[in-house]
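# starting from these lines, generate the structure:
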Amino acid sequence: RILLVGATAVLSCLLADWLCSYFLHGRINSRDLSSVVTGLIIPMLMTPAIDLPIVVAASLFAILVCKAPFGGTGHNIFNPAAAGVAFATICWSDQIFSYTQPLTHLPTATLKLGGIPRLDLTELLLGNFPGPIGSTYTLIIAASLLYLLARNVVKWYSVLAYILPVAAIAAVSHPYGVSPAESIAYELFAGSLFFVAVFIVSDPVTSPKYRLSRILYGVCAGIVTMLFRYFSPLELSAVFAVLLMNALAPVFDIACEHFLSPQKGGSAS
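Residues are numbered from 1 along each chain as shown. Model prediction:
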């Protein structure tokens with residue numbers, strides 16, 4: 001089932017991207033596989049029980065609305081995968097948060113209600129709880145992060161800048177009966193937040209171009225994520241926070257250029 005959901009998303013994104021390339025540029029660039037990455041991330045943030053038409057709709061929205069109109073690969077303002085998942089969440093929220101294992105509340109829903117998930121650290125690390133397809137196995141996500149850091153695909157400060165405010169807010173606002181460390185672990189690993197930090201927040205296309213502006217971008221995204229988690233009606237808050245920060249990414253660069261005077265070859269770039 002998981003392979004079917006993933007294949008559906010990848011094929012939908014790939015075909016939509018090729019059609020847009022053909023109609024806009026008169027050719028198909030078969031070497032551009034960025035849409036495959038989008039197609040892999042989208043189902044990773046969805047339940048295994050998701051209906052396939054919803055996967056197709058999210059994939060088409062990601063490519064046809066958030067990627068192709070802005071010029072295609074390298075020019076999109078919003079992260080296509082985050083936009084596709086956000087679109088599906090708004091339109092089919094019942095499906096997005098429906099899991100095959102019957103539970104009163106999922107860990108993220110329990111946190112949102114101010115409760116305490118009955119999970120220990122081992123279960124959090126091994127993903128032994130219901131959640132989106134690809135965002136519960138913390139150890140695999142951490143290993144992926146190390147690989148991306150080693151390949152210099154992801155900047156460590158982008159991920160850390162996002163995680164630190166989340167951890168700080170979780171430590172301060174931890175529920176009664178839970179230590180700050182446990183609260184941090186729940187907030188980071190009981191939902192899709194860590195996955196988003198590794199694979200979406202660090203997206204080099206939709207994030208600012210200077211180091212300092214990326215740090216500010218990550219910090220603001222982390223704060224907004226927690227505000228959305230506490231005060232919005234949806235459990236999956238990280239993608240909405242990232243989309244908001246995507247729209248403000250040029251503002252962070254302009255602020256650095258005008259007020260902090262970073263140089264592209266210097267420490268701020």
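# so who does Val10 touch?
Residues counted as contacts of Val10 (Cβ atoms under 8 Å, 6 or more residues apart in numbering) are 36, 39-40. (C-beta placed from N, C-alpha, C; glycine too.)
# hmm, I typed the wrong one, I wanted Ile90.
By Cβ under 8 Å, 6+ apart, Ile90 has no neighbours at all.
# cutoff 10 Å now
Residues in contact with Ile90 (Cβ atoms under 10 Å, 6 or more residues apart in numbering) are 96, 234, 240.
# show me these that map onto strands.
In strands, judged by DSSP state E, none of the contacts of Ile90 are found.
# Tyr22 touches Ile28, doesn't it?
Yes: contact status for Tyr22 versus Ile28: in contact at 5.4 Å, counting by Cβ atoms under 10 Å.
# so the most centrally placed residue in the chain, which of the three states?
Against the mean C-alpha coordinate of the chain, by Cα atoms, centre = their mean, the closest residue is Val196 at 2.9 Å. Per DSSP: H, G, I helix; E, B strand; the rest coil, the local secondary structure of Val196 is helix.
# again, but for Pro204
coil.
# burial of Gln95, as a residue count?
Residues within reach of Gln95, counting by other Cβ atoms under 10 Å, total 16.
# ok, so what distance separates it from Met44?
Per Cβ to Cβ, to the nearest Å, Gln95 is found 16 Å from Met44.
# can you check Pro180 too?
For Pro180, the distance to Met44 - Cβ to Cβ - is 29 Å.
# compare these two (neighbour count), which wins?
Met44 (22 against 14).
# list the contacts for the nearest residue to that one once chain neighbours are set aside?
Spatial nearest neighbour of Met44, excluding adjacent residues (Cβ to Cβ, 6 or more residues apart in numbering): Gly134 at 2.9 Å. For Gly134, the contact set (Cβ under 10 Å, 6+ apart) comprises 2, 6, 40-46, 127, 140-141, 144, 192, 195, 199.
# next one, pLDDT for the nearest residue to Arg27 once chain neighbours are set aside please.
If the residues on either side of it in the chain are set aside, Arg27 comes closest to Ser21, at 6.6 Å by Cβ to Cβ, 6+ apart. Note on Ser21: pLDDT of 83.
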